[in-house]
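In: sequence and predicted model, in that order:
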Amino acid sequence: MKARFISFHSKDYAASKQFYEELVGLPVAQEYEGEPHRFTNYDLGGVVLKVFEWSEGWYGSGHSGLFIETEDIDAVVHRIQAVGFKATDIEVHGWGGRSSSVTDPSGNIFSLLDAHQPGDS
């Protein structure tokens, strides 16, 4: 497994883009407009910072912004669910990835991504 990217939710997408592009000076690696969110990915030299705005309620509050790529998402989600922890059923997204939202014992939420179908970075 490896960390795939870090994401920050934006309450004002235009202001966030201006901040990261004009003030911080980050280069844009990719942009997406669609469902369930729009985003801009910034290249941090091997790690991606994703700044996004939900177009619909999806994860709710508590998402840590951590996305972990795994070689066998089906097995990992099954193990988590089998012992009674919360992991959503694997979803295939319009942007191309397969993922599951997982809640740890302390209530922190992160996402697992399928390494073989990661979608956007």
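Out: That came through, no problem. Since the structure is predicted, the reported quantities are computational estimates derived from the model, not experimental observations.

In: next structured bit after the helix or strand of the chain with the lowest mean pLDDT?
Out: Ranked by mean pLDDT, DSSP states H and E, the weakest helix or strand in the chain is strand 63-70, scoring a mean of 75. Toward the C-terminus, strand 63-70 is succeeded by helix 73-82 as the next helix or strand (DSSP states H and E).

In: check which helices and strands that next one sits against.
Out: Judged by 3 or more Cβ pairs under 8 Å, 6 or more residues apart in numbering; DSSP states H and E, the packing partners of helix 73-82 are strand 97-103, strand 109-118. In short, each C-beta sits where N, CA and C put it, glycine included.

In: for those, which one ends up most surrounded?
Out: When the helices and strands packed on helix 73-82 are scored by mean count of other Cβ atoms under 10 Å, the highest mean neighbour count falls to strand 97-103 (a mean of 20).

In: for that strand, what is the distance to the chain centroid?
Out: Centroid separation for strand 97-103 versus its chain: 8 Å, with Cα atoms, centre = their mean, to the nearest Å.
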